[in-house]
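K.L.:
sequence first, then the predicted structure:
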Amino acid sequence: MASFDAASKKQVETNPQDFVDLCFKFGLANITVLEVVTPEQPTVEMHQADILIKALRDGQEVLVHFEFQTTDSYDPEMPLRMAGYIIRAIEVYRLPVYSNVIYLRPNAGNNDPGKFAQNLEGHNISIEYQVFCLIEMDGQEIFDLKPVGLIPFTPLMKPPADMNEEEWLRRCVQTADGIDVPNKPEYLGSLAVLGNLIYDAQTILEIISEETMQQSSIAEYLAPEAHEQGIQQGIQQGIQRGVRESTRENILEILAIRLQPDAAETFKPTLEAIDDLQRLKQLHRAAILAESPEDFTQALNEKNK
């Protein structure tokens, strides 16, 4: 699982009420979390659905579903994917479903209509869900509300108009460090991983170190396998891992846009097996230049130059 997905799911699993409140506009509905459901159970065919939360709304059990996306979905497109998740959840649990997709990257989700529709006379289908693009959310409002589970996502949200990116990131770290949570290094680590979608990883770690003096703990969280070999190496491995994941995401997005929607899915397993950052950067350039799937296949088959 990509570290972005893991960091996102960790916050929902730890603080499900905050995300349910987000779905219902923070207090506009009388709803209480009962449990976080695990769709990966053998008896439940929910496949890749990210998070299901069982809750009680006005005395009735309901499901609140969250899907996290770093980029746009092309094969299948998000409306079709969400329709499939929603129908399967209703079939399996026989409960009303409130479904949401959260886009992490600033350039993702702009064209998601929040609705699957089939318009055939006598066979119309309409399935709606809620779309959250983090870059459109007011980060200061989240600070004011202080939902613990959402604070690590604030580096991806809209900052105040008079604040530059580094000032905003510093404010996000300061606010997260002021939150009372059982495992502060893990909490700040989630912020670092998510923030790496748009900020340089070294900048994030330097600010965390300056503001909290916990750089070593964050490095251990980002790259625990390297801790015994030294903190500096752990930091570097955390940075490299984030850059690799980001580069893979960029390649897949380019392939989906330049070639065809299913091209990204075709090449995804191969790209995920490549850990050499220099090789991934070469393939990023190849994706930009490719005129066909065959062109990119040829680039994949070429040896590093």
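P.N.:
On my side now, so go ahead.

K.L.:
for the rest of this, base every contact and every neighbour count on C-alpha atoms.
P.N.:
Will do.

K.L.:
any stretches of the stretch 1-150 of the chain with poor pLDDT?
P.N.:
Residue ranges of the stretch 1-150 of the chain with pLDDT under 70: 1-2, 39-49.

K.L.:
now the helices for it?
P.N.:
In the stretch 1-150 of the chain, the segments counted as helices under DSSP state H, counting those that start in this stretch are 3-14, 16-23, 78-93, 139-145.

K.L.:
which of these is buried the deepest?
P.N.:
Among the helices of the stretch 1-150 of the chain, ranked by average contacts under mean count of other C-alpha atoms under 10 Å, first place goes to helix 16-23 (a mean of 22).

K.L.:
that one: how far from the chain's middle?
P.N.:
Counting by C-alpha atoms, centre = their mean, to the nearest Å, helix 16-23 is centred 16 Å from the centre of its parent chain.

K.L.:
one more: stretch 285-305?
P.N.:
The answer for stretch 285-305 is 28 Å, by C-alpha atoms, centre = their mean.

K.L.:
ditto for stretch 95-113
P.N.:
The mean C-alpha position of stretch 95-113 is separated from the chain mean by 11 Å, C-alpha atoms, centre = their mean.

K.L.:
can I get the helices of the stretch 1-150 of the chain in JSON lines with distance to I198?
P.N.:
Output for these, formatted as JSON lines (distance: least, C-alpha to C-alpha, whole Å):
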{"stretch": "helix 3-14", "distance to I198": "12"}
{"stretch": "helix 16-23", "distance to I198": "22"}
{"stretch": "helix 78-93", "distance to I198": "22"}
{"stretch": "helix 139-145", "distance to I198": "15"}
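
K.L.:
hang on, F66 packs against V36?
P.N.:
No - using C-alpha atoms under 8 Å, F66 is not in contact with V36; the gap is 11.2 Å.

K.L.:
re earlier: tell me which of the helices of the stretch 1-150 of the chain approaches E121 most closely.
P.N.:
Closest approach to E121 among the helices of the stretch 1-150 of the chain is made by helix 78-93 (19.6 Å; C-alpha to C-alpha).

K.L.:
which strands and helices sit next to that closest one?
P.N.:
Under the contact criterion of 3 or more C-alpha pairs under 8 Å, 6 or more residues apart in numbering; DSSP states H and E, helix 78-93 touches strand 97-103, strand 115-118.

K.L.:
so for L104, which of the helices of the stretch 1-150 of the chain sits nearest?
P.N.:
Between these, helix 3-14 lies closest to L104; by C-alpha to C-alpha that is 8.9 Å.

K.L.:
related to what we said a few turns ago, okay, F66 and V36: which has more neighbours?
P.N.:
F66 (25 against 20; other C-alpha atoms under 10 Å).

K.L.:
confirm that I254 sits in a helix.
P.N.:
Yes - residue state for I254 (DSSP: H, G, I helix; E, B strand; the rest coil) corresponds to a helix.

K.L.:
from here on, call the first residue 428.
P.N.:
Done: numbering now begins at 428, and the last item shifts to I681.

K.L.:
pretty sure it contacts I715?
P.N.:
Yes - with contacts counted by C-alpha under 8 Å, I681 reaches I715, the gap being 6.6 Å.

K.L.:
who's more crowded, these two?
P.N.:
Taking neighbours as other C-alpha under 10 Å, I681 and I715 compare with I681 leading, 20 against 15.

K.L.:
give the contact list for the more buried one.
P.N.:
Neighbour list for I681: A714, I715 [criterion: C-alpha atoms under 8 Å, 6 or more residues apart in numbering].

K.L.:
starting from K695, give me the distance back to it.
P.N.:
Using C-alpha to C-alpha, to the nearest Å, one obtains 12 Å as the distance from I681 to K695.

K.L.:
near E488, how many other residues are there?
P.N.:
17.

K.L.:
identify the residues contacting it.
P.N.:
Contacts of E488 (C-alpha under 8 Å, 6+ apart): K481, A482, L522, P523.

K.L.:
which among the residues you listed count as buried?
P.N.:
K481, A482 (16 or more other C-alpha atoms under 10 Å).

K.L.:
ok, E680 to N534 distance?
P.N.:
Applying C-alpha to C-alpha to E680 and N534 gives a distance of 11 Å.

K.L.:
which residues do the two both contact?
P.N.:
With C-alpha under 8 Å, 6+ apart, E680 and N534 have common neighbours T498.

K.L.:
need the helices and strands packed on helix 505-520 in JSON lines with mean neighbour count and distance to Q725, can you?
P.N.:
Converted to JSON lines, the helices and strands packed on helix 505-520 look like this (neighbours: other C-alpha atoms under 10 Å; distance: least, C-alpha to C-alpha, whole Å):
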{"stretch": "strand 524-530", "mean neighbour count": "21", "distance to Q725": "32"}
{"stretch": "strand 542-545", "mean neighbour count": "15", "distance to Q725": "36"}
